[in-house]
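Q: Okay, sequence plus prediction incoming.
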Amino acid sequence: MTPEQVRVLDVLTAEPQTLASLADRAYLDSRRAAEQAVHELRLAGHPIISSGRGVWLSTDPAEVTFGAETLRRRLIVQYRTVRALRATARRMRGTPSYLPAETPSLWLDERLGRSQGGEL
């Protein structure tokens, strides 16, 4: 365990605190350093939970499970973003314009000759 991780564990409590506050209390250089230490501690098996309220050390297995599911949902959203950006890059390489060849309309599906709400 690194000295930074030890200091983070020393100041983590059951009460949420921001990463900036954690970095300050653990004498780390930045919020990012606190985030990295939390990440590594989680990988080592420490039950560190996070939410919009901050990060904290949990003693409740249900809370740890909920925290894991929250991270899983974020992972899925991020993966969708990765896939969309990769598709955009492929489209940009294959066409002179970075815009899609066809911009779909919300009101008229010209390929079908009818509005999406019904017949024209």
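A: Right, received. Where do you want to start? Numbering: from 1, shown residues only.
Q: In the helix or strand Arg91 falls within, which residues are buried?
A: Assigned by DSSP states H and E, Arg91 falls within helix 61-94. Going by neighbour count (16 or more other C-beta atoms under 10 Å), the buried part of helix 61-94 is Gly67. All C-beta atoms are positioned from the backbone trio N, CA, C, and that covers glycine.
Q: And it, what does it pack against?
A: On a contact count with 3 or more C-beta pairs under 8 Å, 6 or more residues apart in numbering; DSSP states H and E, helix 61-94 meets strand 48-51.
Q: ok, then the element right after the strand it packs on?
A: Following strand 48-51 in sequence order, the next helix or strand is strand 54-57 (DSSP H and E).
Q: List of residues touching that following strand?
A: Strand 54-57 has contacts (C-beta atoms under 8 Å, 6 or more residues apart in numbering) with 9, 12-19, 21-22, 38, 46-50.
Q: Relative to Arg31, how far out is the nearest residue in space to Pro16 that is not next to it in sequence?
A: If the residues on either side of it in the chain are set aside, Pro16 comes closest to Gly54, at 3.5 Å by C-beta to C-beta, 6 or more residues apart in numbering. Going from Gly54 to Arg31 by C-beta to C-beta, to the nearest Å gives 11 Å.
Q: Mutual contacts of the two, please.
A: Taking C-beta under 8 Å, 6+ apart as the criterion, Gly54 and Arg31 both touch 18-19.
Q: if we can go back for a sec, so how far is the helix holding Arg91 from its chain's centroid?
A: Centroid displacement of helix 61-94 relative to its chain, using C-alpha atoms, centre = their mean, to the nearest Å, is 7 Å.
Q: Number the residues from 536 up from this point.
A: Let's use 536 as the start, then, which means that last one is helix 596-629.
Q: mind checking pLDDT for the residue nearest the centre of the chain?
A: For the chain, the residue nearest the mean C-alpha position is Arg609 (4.4 Å; C-alpha atoms, centre = their mean). What the model reports as pLDDT for Arg609 is 93.
Q: my guess is Leu547 contacts Leu557, does it?
A: Yes - between Leu547 and Leu557 a contact is recorded at 7.2 Å, counting by C-beta atoms under 8 Å.
Q: okay, the two: which has more neighbours?
A: Leu557 (24 against 21; other C-beta atoms under 10 Å).
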